[in-house]
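Novice: Mind folding the following:
(2 chains)
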Amino acid sequence: MSGPGEREGCALVTGGSRGIGSAIAYALACDGWPVGVNFRGSEHAAGETVQRIEHEGGRALAVRADVTVPEELERMFDTLEQRFGRVLVLVNNAGVRADELAISLTDSDWGEVIDTNLSAAFRATRRALRGMVRERFGRVINLASVVGPRANAGQSNYAAAKAGLIAMTKTIAVEVARRGVTVNAIAPGLIETDMTAGLDGELLRAVPARRAGAPEEVAACARFLASEQAGYVTGSTLYVDGGLGA
Amino acid sequence: MSTAVTAEQVERVVVESLHTFGADPEQITPEATFEALDIDSLDLAELSQIVHEQFGVELKGSDVAEVKTVADAVELISSRL
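Specialist: Next up, the predicted model:
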């Protein structure tokens, strides 16, 4: 795998303090990327992710921002640019769930999930593309989900946001491909994290691999998509789901 | 923005940018159309960004859509200085 090489720039992982985000931040740091570990509330966990990276000789910075607040998002990019240079790898990982059957789903729970999982990813991508296009190199990696392409009762908001992310991925990929910028999605299935706690029962039996995935297995894919070698992979969605979506 | 910026400076930045985007330097004349120079919408979006950084001039997508030639671009940017 390859990191920034001669380039001056960094990676940013939104929602990077725990679970899949933390594993991706660590994997990218192992490739030599200085990493911005974004968090909203989990300052302690973000600090631990940074420490783990620094312990291995990598560089990382925990940056607090609620990605749904445009001013905070902008400030986070400014902070990272001053510290490490342009954000050349953007991992849109921050996500929330607010599950309810559609018949009872409130506007607020619909809006929060769409805002965080989809709209914030768009704004972060738009902001990052400026630097990537100028650099003639960039990697945008959107954490989608097997839910979206596949139904899961109780998650109409989450499914709409994640399916939207995949559609956005394809469109933006086409817009910027000629600048050496790739945009891809990763669609994890059931992965062992705090966010999937309580989801396992029935879903686990539907997974052909008969086990949940590990965050590191998702991170390995992100590491590949961020690499120089993945330069011709764009607009694609990589399923990391033990066969669930097959 | 400072009035010290001249149309010549604007033209130089535009020409340099077009060159960076891959236009043949020999063909970059004031009358040359972006279509003939193979400059596309992404190039113009990037040019807007460069112009904003260099001169503080904000160009909207709708402004840029009207621009057909190198001279049009220089004139539009200069008029906003």
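Novice: Give me the helix or strand of the chain that scores worst on average pLDDT.
Specialist: In the absence of a named chain, chain A is used. Sorted by mean pLDDT, DSSP states H and E, the helices and strands of chain A end with helix A:200-206, the least confident at a mean of 76.
Novice: The intended chain is chain B.
Specialist: That would be, for chain B by mean pLDDT, DSSP H and E, helix B:61-65 at a mean of 82.
Novice: Run the contact check for that helix versus chain A.
Specialist: No - figure legend: helix B:61-65 not in contact with chain A (CB under 8 Å from any CB of the partner chain); closest approach 12.9 Å. Glycine gets a C-beta too; all of them are placed from N, C-alpha and C.
Novice: In that helix, which residues are buried?
Specialist: By neighbour count on 16 or more other CB atoms under 10 Å in any protein chain shown, the buried set for helix B:61-65 is B:63, B:64.
Novice: List the contacts of stretch A:76-88.
Specialist: A:4, A:7-12, A:34, A:36, A:38, A:59, A:61, A:63-65, A:127-128, A:131-132, A:134-135, A:137-139 (CB atoms under 8 Å, 6 or more residues apart in numbering or on different chains).
Novice: could you give the mean pLDDT of it?
Specialist: Mean pLDDT, stretch A:76-88: 98.
Novice: Distance from that stretch to the middle of the chain?
Specialist: Between the centre of stretch A:76-88 and the centre of its chain there are 17 Å (CA atoms, centre = their mean, to the nearest Å).
Novice: List the buried residues for it?
Specialist: A:76, A:77, A:80, A:84, A:85, A:86, A:87, A:88.
Novice: Over to stretch A:93-108?
Specialist: A:93, A:94, A:95, A:96, A:97, A:98, A:99, A:105.
Novice: quick one: which of those residues is nearest residue B:77?
Specialist: Residue B:77 lies nearest to residue A:94 out of those, by CB to CB, at 37.2 Å.
Novice: Quick check: that closest one vs residue A:123, distance?
Specialist: Going from residue A:94 to residue A:123 by CB to CB, to the nearest Å gives 11 Å.
Novice: which residues are common contacts for these two?
Specialist: Joint contacts of residue A:94 and residue A:123 (CB under 8 Å, 6+ apart) are residue A:67.
Novice: Tell me where chain A is predicted with low confidence.
Specialist: Within chain A, the set of residues satisfying pLDDT under 70 comprises A:1, A:195-196, A:198-200.
Novice: Outside of whichever helix or strand comes after the least confident helix or strand of chain B itself, list whatever touches it.
Specialist: Next along the chain after helix B:61-65, taking DSSP states H and E as the criterion, comes helix B:70-79. With CB under 8 Å, 6+ apart as the test, helix B:70-79 has contacts from B:7, B:10-11, B:14-15, B:18, B:28-32, B:34, B:37, B:47, B:51, B:55, B:57, B:59, B:63, B:66-67.
Novice: Next up, the contacts around residue B:5.
Specialist: Per CB under 8 Å, 6+ apart, neighbours of residue B:5: B:55, B:81.
Novice: Is it in a helix, a strand, or coil?
Specialist: Following DSSP: H, G, I helix; E, B strand; the rest coil, the label given to residue B:5 is coil.
Novice: That one and residue A:102, how far apart?
Specialist: 56 Å.
Novice: max-length helix in chain A?
Specialist: As assigned by DSSP state H, the longest helix anywhere in chain A is helix A:156-176.
Novice: what does chain B put close to chain A?
Specialist: Residues of chain B lying close to chain A by CB under 8 Å from any CB are B:42, B:46, B:49.
Novice: Which of the contacts of helix B:70-79 fall in strands?
Specialist: Among these, none falls in strands (DSSP state E).
Novice: Regarding residue B:53, which helix or strand does it belong to?
Specialist: Residue B:53 belongs to helix B:41-55, assigned by DSSP H and E.
Novice: re the thing from before, may I have the least confident helix or strand of chain A as CSV, with CA atoms only?
Specialist: Taking Å, rounded to 0.1, in the frame of the first residue of the first chain, the C-alpha atoms of helix A:200-206 are listed here in CSV:
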residue,chain,number,x,y,z
ASP,A,200,-27.1,-9.1,15.5
GLY,A,201,-29.8,-11.8,16.2
GLU,A,202,-31.8,-12.4,13.1
LEU,A,203,-29.4,-10.5,10.8
LEU,A,204,-26.5,-12.7,11.8
ARG,A,205,-28.3,-15.8,10.6
ALA,A,206,-28.8,-14.1,7.2
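Novice: That helix: how far from the chain's middle?
Specialist: Remark: helix A:200-206 is offset 24 Å from the chain centroid, using CA atoms, centre = their mean.
Novice: what's the following helix or strand after that helix?
Specialist: Counting by DSSP H and E, the element after helix A:200-206 in chain order, helix or strand, is helix A:215-226.
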